[in-house]
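Visitor: fold the stuff below for me.
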Amino acid sequence: MNFRSDLALECREPLRSQPEGLAWSEERRGEIRVSRVQVTSAAAAQAMGKPQGHYVTLDVPPFGESADIFGEALDCAARELAALVPPAGTVLVVGLGNDGITPDALGPRCCAQVLATRHLGGELAKAAGMENLRPVACLAAGVLGRTGMESGEWIAAAVRVLEPVAVITIDALAARRLARLGCTVQLADSGIIPGSGVGNARKAITPEALGRPVISVGVPTVVDAATLAVDLLEQSGAQLPEAVLRRALAPGGAQMMVTPREVDLLIERAAKLLAMAINCALHPGWQPEDFLALV
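Guide: Residues are numbered from 1 along each chain as shown. Below is the predicted model of the structure:
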């Protein structure tokens, strides 16, 4: 059976040997653990099941327990994101997902709190004290069932018009372990497949497709039921044949997703943290409290 995880860190853990072109490192910044996975070869990408790129994972205090977003987690996320984004030029921020389904609402709710500045200029920007902010545009792409358009089509059209130097996407992710839900942030420069976190993968949004850097940011909000069952069995030391597991999950269990009871709180706080991290990364001269007042 194929067990899904959108986290590069979890895709590296089961590997029995490290293929050439795969590098991993870890450091601590206060209470935040920062893990880096670098995939630089086709062999490493195949072994990982991930495109070539740089993946950064932040282990942060659980969103369901901590309401403080102005601590080390924000500073660390903003710093890591700033390192992936070109230092100047217009940036397009895209919130992926379905705002009507809470575990999939991270992207739209985060995008709503990102400061859009591309339309500000001239005397208006000067009067507001915002003449030095870099141009930022925001797009909540919606979902195919509501709009009739793929998120990738919306983004490609916006890129042709805006000609941004980079695209930042925010989306909900799927993890392999329950312990990763609501306390992990992943940043990557390899692009993203919208909807993969909730089992509804769409057209990939990648640097190759758009012709410019695509930085994906996400928080795991769900675990696939089959993945969870196998992970719990492995942690207990038990072994279950694949055929038995398939029968146990049939007919609908294999399509089920598990999410925390406090997912509303998780999404609210994660969206705010990621939005403030994006704001701080794109406008380094401003403080998070300034952005809260503006948005």
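Visitor: drop to CA atoms for contacts and neighbour counts, all remaining ones
Guide: Will do.
Visitor: go through the chain and flag its longest helix.
Guide: If you go by DSSP state H, the chain has its longest helix at helix 263-282.
Visitor: quick one: buried residues of that helix?
Guide: Across helix 263-282, burial judged by 16 or more other C-alpha atoms under 10 Å covers 263, 265-282.
Visitor: need the helices for this protein, in chain order.
Guide: Using DSSP H, the helices found in the chain span residues 8-12, 42-48, 72-84, 106-111, 122-127, 144-147, 151-162, 207-210, 225-236, 242-249, 263-282, 288-294.
Visitor: for those, which one ends up most surrounded?
Guide: Of all those, helix 106-111 carries the top mean neighbour count, a mean of 27, counting by mean count of other C-alpha atoms under 10 Å.
Visitor: now that one, how far from the centre of its chain.
Guide: With C-alpha atoms, centre = their mean, to the nearest Å as the basis, helix 106-111 stands 10 Å off its chain's centre.
Visitor: likewise stretch 73-82?
Guide: How far stretch 73-82 lies from its chain's middle: 13 Å, per C-alpha atoms, centre = their mean.
Visitor: give me the contacts around that stretch.
Guide: Residues outside stretch 73-82 that contact it (C-alpha atoms under 8 Å, 6 or more residues apart in numbering) are 29, 32, 56, 58, 60-61, 187, 273-274, 276-278, 280-282.
Visitor: one more time with 7 Å
Guide: For stretch 73-82, contacts defined as C-alpha atoms under 7 Å, 6 or more residues apart in numbering pick out 32, 60, 273, 277-278, 280-282.
Visitor: and stretch 98-111, by the same measure?
Guide: 93-97, 138, 140, 142-143, 170-172, 198, 221-222, 263-264, 267, 271-272, 274-275.
Visitor: what's the distance between the residue nearest to the spatial centre of the chain and R176?
Guide: Centroid-nearest residue in the chain: G218, 1.5 Å away (criterion: C-alpha atoms, centre = their mean). Going from G218 to R176 by C-alpha to C-alpha, to the nearest Å gives 15 Å.
Visitor: now V222
Guide: The value you get for V222 to R176, if C-alpha to C-alpha is used, is 9 Å.
Visitor: go on, L106?
Guide: L106 is 19 Å from R176, by C-alpha to C-alpha.
Visitor: need the residues that contact the longest helix of the chain.
Guide: 63-64, 67, 69, 74, 77-79, 81-82, 102-103, 106, 109-111, 113-115, 182, 286-288.
Visitor: same check, this time on stretch 152-167
Guide: Stretch 152-167 has contacts (C-alpha under 7 Å, 6+ apart) with 85-86, 89-93, 141, 203, 205, 210, 212-215.
Visitor: taking the residues you listed, tell me the two that lie furthest apart.
Guide: G89 and K203 (26.3 Å; C-alpha to C-alpha).
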